[in-house]
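**Q** Sequence first, then the predicted structure:
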Amino acid sequence: MTQQVQQPARNASSIAGAGGEQISRETTLFAEPVFHFKDFTITNALFTSWIAVIVIIILSFVLRSKLKEVPGKIQNLFEIIIEGALSLCDQVTNDRALSMKIFPIAISVFFFILVNNWFGILPLGGFGLIEKGENGLAFIPFLRGGTADINTTIALAILAVFGANLFGIFSIGIWKTLNKYVNLKVIGQIGKKIGKDPTVVIVAPITFFVGLIEIVGEFAKIASLSFRLFGNVFAGEVLLVSMAALVGYVVPIPFLFLEILVGVIQALIFSILLVVYFTIASTDHDEHDEHEQKHEKSIIINSNIPA
């Protein structure tokens, strides 16, 4: 049995149905299905993510159509925000040219996560379905923050990590990118360097295995990115539902503004980490090491020159 209803914000935990039966409102760990298209199930988190994408696309076209050579107040505000975000990106990359390549991806991810985080606040007073389950009637909201679903955050984390490696392949080449993980170069140089530096027999295998550990590190990045974002957003939803269940009016409002702030912070953290991963992936460590060695040699030579 399924019917559409609108749930008031004050009845966040339970309301009385038409027949006096209590309707529960629980924040589940997993997204709930709200639509079915043949064998394809659409969850409320997936539905919200689609809405977020549509909202971002519409706003992008609207703002683009409103651009003027002499900016107004709104355009000035957005230009300040974009310039500030680009400057923040520069602080990570230390290269404006590299920032211009990474920034469009990072800012897109930021707004996608931000809109999804803020949509997670709406189910408290949103539309939904009433379904009869094992424990009686249950309210299922149409909208649930996409980032409150672990599937969405894992997908974002995979795109960030694998996208960074793909960016590295296009930036420094496939061999140098793979060499960070399977460093066959150091093994091949043992025969050349063993005469000058016998310790290479010990150092080279260690360097090789460090590269293999980096592979584990990539999967650790996926886990940390996804669970950090999911945990903070999901905890915020649980907090809002709990506060609304205890006190329906006024008291939840400060927590609502807190979650708005948390939504911005979490989107910013994810985007900054994405910029960091892309920057590291596009850095040629061999050239960096050679530059450092030349710099050290020049310092030694200069120090030996008599004044």
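**A** That came through fine.
**Q** use CA for all of it now, contacts and neighbours both
**A** Noted.
**Q** Just give the number of residues close to residue 160.
**A** By the criterion of other CA atoms under 10 Å, residue 160 has 25 neighbours.
**Q** so what's the nearest residue to it once chain neighbours are set aside up against?
**A** Nearest residue to residue 160 in three dimensions, chain neighbours excluded: residue 274, at 6.0 Å (CA to CA, 6 or more residues apart in numbering). Contacts here follow CA atoms under 8 Å, 6 or more residues apart in numbering; on that basis residue 274 touches 106, 160, 161, 164.
**Q** so when I look at residue 35, I'm seeing a strand, right?
**A** Yes: judged by DSSP: H, G, I helix; E, B strand; the rest coil, residue 35 forms part of a strand.
**Q** so what's it up against?
**A** Contacts of residue 35 (CA under 8 Å, 6+ apart): 41, 42, 43.
**Q** if I look at it, how far off is residue 130?
**A** Between residue 35 and residue 130 the computed distance is 13 Å (CA to CA, to the nearest Å).
**Q** returning to what we had before: can I get the contacts of residue 274 in CSV including distance to residue 30?
**A** Putting those into CSV (distance: CA to CA, whole Å) gives the following:
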residue, distance to residue 30
106, 27
160, 22
161, 24
164, 28
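**Q** Make a markdown table from those residues and add secondary structure and pLDDT to it.
**A** Below are these laid out as a markdown table (DSSP: H, G, I helix; E, B strand; the rest coil; pLDDT from 0 to 100):
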| residue | secondary structure | pLDDT |
| --- | --- | --- |
| 106 | helix | 94 |
| 160 | helix | 94 |
| 161 | helix | 94 |
| 164 | helix | 94 |
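**Q** Most widely separated two among the residues you listed?
**A** 106 and 161 (12.6 Å; CA to CA).
**Q** Have a look at those two and say which one is more surrounded.
**A** Taking other CA under 10 Å, residue 106 and residue 161 do not tie; residue 106 has more neighbours (25 against 21).
**Q** Once you drop chain neighbours, what's closest to the more buried one?
**A** Once flanking residues are discounted, residue 106 sits nearest to residue 271: 5.3 Å by CA to CA, 6+ apart.
**Q** per-residue pLDDT, that neighbour?
**A** Residue 271 is assigned a pLDDT of 94 by the prediction.
**Q** give me the number of residues near it?
**A** Neighbours of residue 271 using other CA under 10 Å come to 23.
**Q** name the element it belongs to?
**A** Residue 271 belongs to helix 252-281 when assigned by DSSP states H and E.
**Q** now swap in residue 109 and tell me
**A** helix 96-119.
**Q** Packing partners of that helix?
**A** Helix 96-119 is packed against helix 44-65, helix 73-93, helix 252-281, with contacts defined by 3 or more CA pairs under 8 Å, 6 or more residues apart in numbering; DSSP states H and E.
**Q** I figured residue 45 was touching residue 141, is that so?
**A** No: taking contacts as CA atoms under 8 Å, residue 45 lies outside contact range of residue 141: 9.7 Å.
**Q** Distance of residue 36 relative to residue 145?
**A** Residue 36 is 19 Å from residue 145, by CA to CA.
**Q** Ok, residue 171 next?
**A** Relative to residue 145, residue 171 is positioned 35 Å away (CA to CA).
**Q** What strand or helix carries the residue lying closest to residue 121 once chain neighbours are set aside?
**A** Nearest residue to residue 121 in three dimensions, chain neighbours excluded: residue 237, at 6.8 Å (CA to CA, 6+ apart). In this assignment (DSSP H and E), residue 237 forms part of helix 200-246.
**Q** cool, residue 130 as well?
**A** strand 127-133.
**Q** right, and the helix or strand after that strand?
**A** Proceeding N to C from strand 127-133, the next assigned helix or strand is strand 136-141, under DSSP H and E.
**Q** Can you report how many residues lie near residue 261?
**A** Neighbour number of residue 261 under other CA under 10 Å is 13.
**Q** now it: how far from residue 230?
**A** 16 Å.
**Q** chain center to stretch 231-244, what's the gap?
**A** 19 Å (CA atoms, centre = their mean, to the nearest Å).
**Q** Please read the previous query as pertaining to stretch 59-76.
**A** With CA atoms, centre = their mean as the basis, stretch 59-76 stands 27 Å off its chain's centre.
**Q** Cool, thanks, signing off.
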